[in-house]
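Enquirer: Compute the structure for the input listed below.
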Amino acid sequence: MKDKYILLSYLENFITEERKKRFSEILEYRTNHFTVAVEDVFQMHNTSAVIRSCDVFGVQQAHLIEQRFGKRLDAKIAMGAQKWVDTFRYDNTQHCMDTLREKGYQIVATTPHKDAYFLADFDISKKSAFFFGTEKDGLSELVLNQADTFLKIPMVGFTESLNISVCAAIILQQLTEKLRKSDVSWQLTEEEKMAIRIDWTKKSVRSIDDVMKRFYQINSEKEKE
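Expert: Here you go, the predicted model:
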């Protein structure tokens with residue numbers, strides 16, 4: 001941890017005080033208690049919009065399953081959100097689910113067709129990974145068969161489903177707001193905050209490779225003294 005403090009202190013010399021303050025403010029609202037997984041979405045703008053919603057509503061991590069259609073994240077559509085949200089990529093759904101379960105998450109399938117919890121009734125106390133499926137077919141049978149629970153948005157119109165990015169935005173807005181008002185321990189640990197601050201600061205520094213090279217040279221010279 002000490003080495004990380006030294007590195008962060010060095011890197012922060014290359015960014016403004018305003019940006020340092022902004023990082024600290026935003027990290028107070030970030031969480032890993034909830035995360036999002038997007039399964040084989042075809043339209044690139046949908047995946048990118050989900051990443052943007054993660055950033056807006058304070059969800060620090062997102063998981064992209066890209067088995068069928070390849071990479072589905074467009075930096076322009078995400079509007080820079082991919083810099084601030086930790087994004088993990090998988091070439092199959094099972095690997096993603098296994099990884100999230102190992103990290104203590106329950107698998108939550110979002111679907112209007114299952115006997116699911118309505119959004120207002122969802123238990124926020126458990127670490128949850130919300131899975132969203134393809135635009136036309138929804139989630140795969142693999143996810144639906146292995147999910148720990150199901151979640152749906154109440155609808156009163158003729159249309160039975162929402163666009164995936166709209167669905168993700170509604171769920172994240174509602175549940176993160178509820179989470180922040182709860183007694184659940186949802187905030188990042190100090191170690192998590194430190195790792196993210198270093199990452200964000202690196203992404204804010206021009207010629208970061210040269211800056212890091214200089215950092216290691218300085219530390220090497222100090223160790224020789």
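Enquirer: Return the per-residue confidence for the residue most central in space within the chain.
Expert: Centroid-nearest residue in the chain, with Cα atoms, centre = their mean: residue 61, separated by 2.1 Å. On pLDDT, residue 61 comes in at 97.
Enquirer: quick one: pLDDT of residue 24?
Expert: Reported pLDDT for residue 24: 96.
Enquirer: Tell me how many other residues surround it.
Expert: 11 (other Cβ atoms under 10 Å). Placement of C-beta: from N, CA and C, glycine included.
Enquirer: Could you do residue 177 as well?
Expert: Residues within reach of residue 177, counting by other Cβ under 10 Å, total 12.
Enquirer: quick one: buried residues of the host helix or strand of it?
Expert: Using DSSP states H and E, residue 177 sits within helix 164-180. By 16 or more other Cβ atoms under 10 Å, the buried positions in helix 164-180 come out as 164-165, 167-169, 171-172, 174-176, 179.
Enquirer: quick one: stretch 175-188 to chain centroid distance?
Expert: On the basis of Cα atoms, centre = their mean, to the nearest Å, stretch 175-188 sits 15 Å off its chain's mean C-alpha point.
Enquirer: which helices and strands does the helix holding residue 177 pack with?
Expert: Contacts defined by 3 or more Cβ pairs under 8 Å, 6 or more residues apart in numbering; DSSP states H and E place helix 164-180 against strand 34-39, helix 44-56, strand 128-132.
Enquirer: Skip ahead from the lowest-mean-pLDDT helix or strand in the chain and say which helix or strand is next.
Expert: Within the chain, no helix or strand scores below helix 75-78, which has a mean of 46 by mean pLDDT, DSSP states H and E. Following helix 75-78 in sequence order, the next helix or strand is strand 86-90 (DSSP H and E).
Enquirer: and the following helix or strand past that following strand with strand 128-132, angle?
Expert: From strand 86-90 onward toward the C-terminus, using DSSP H and E, the following helix or strand is helix 93-102. For helix 93-102 against strand 128-132, the angle by axes from the mean of the first three to the mean of the last three Cα atoms, to 10 degrees is 160 degrees.
Enquirer: can you list contacts of helix 93-102?
Expert: Helix 93-102 has contacts (Cβ atoms under 8 Å, 6 or more residues apart in numbering) with 35, 37, 39-40, 63, 65, 67, 88, 90, 107, 129, 140, 142-143, 146.
Enquirer: still on that earlier bit, so the helix holding residue 177 versus strand 34-39, what angle?
Expert: Going by the same axes, to 10 degrees, helix 164-180 makes 160 degrees with strand 34-39.
Enquirer: Work out the gap between the helix or strand that contains residue 217 and the centre of the chain.
Expert: Using DSSP H and E, the element containing residue 217 is helix 208-224. What separates the centre of helix 208-224 from the centre of its chain is 32 Å, taken as Cα atoms, centre = their mean.
Enquirer: So which elements touch it?
Expert: Secondary-structure packing of helix 208-224 (3+ Cβ pairs under 8 Å, 6+ apart): helix 2-11.
Enquirer: and if we set it to 10 Å?
Expert: helix 2-11, helix 190-204 (3 or more Cβ pairs under 10 Å, 6 or more residues apart in numbering; DSSP states H and E).
Enquirer: want to throw those helices into JSON lines with mean pLDDT, mean neighbour count and distance to residue 19?
Expert: Shown next, in JSON lines, are those (pLDDT from 0 to 100; neighbours: other Cβ atoms under 10 Å; distance: least, Cβ to Cβ, whole Å):
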{"stretch": "helix 2-11", "mean pLDDT": "90", "mean neighbour count": "13", "distance to residue 19": "11"}
{"stretch": "helix 190-204", "mean pLDDT": "95", "mean neighbour count": "16", "distance to residue 19": "6"}
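Enquirer: Fine by me, we can end here.
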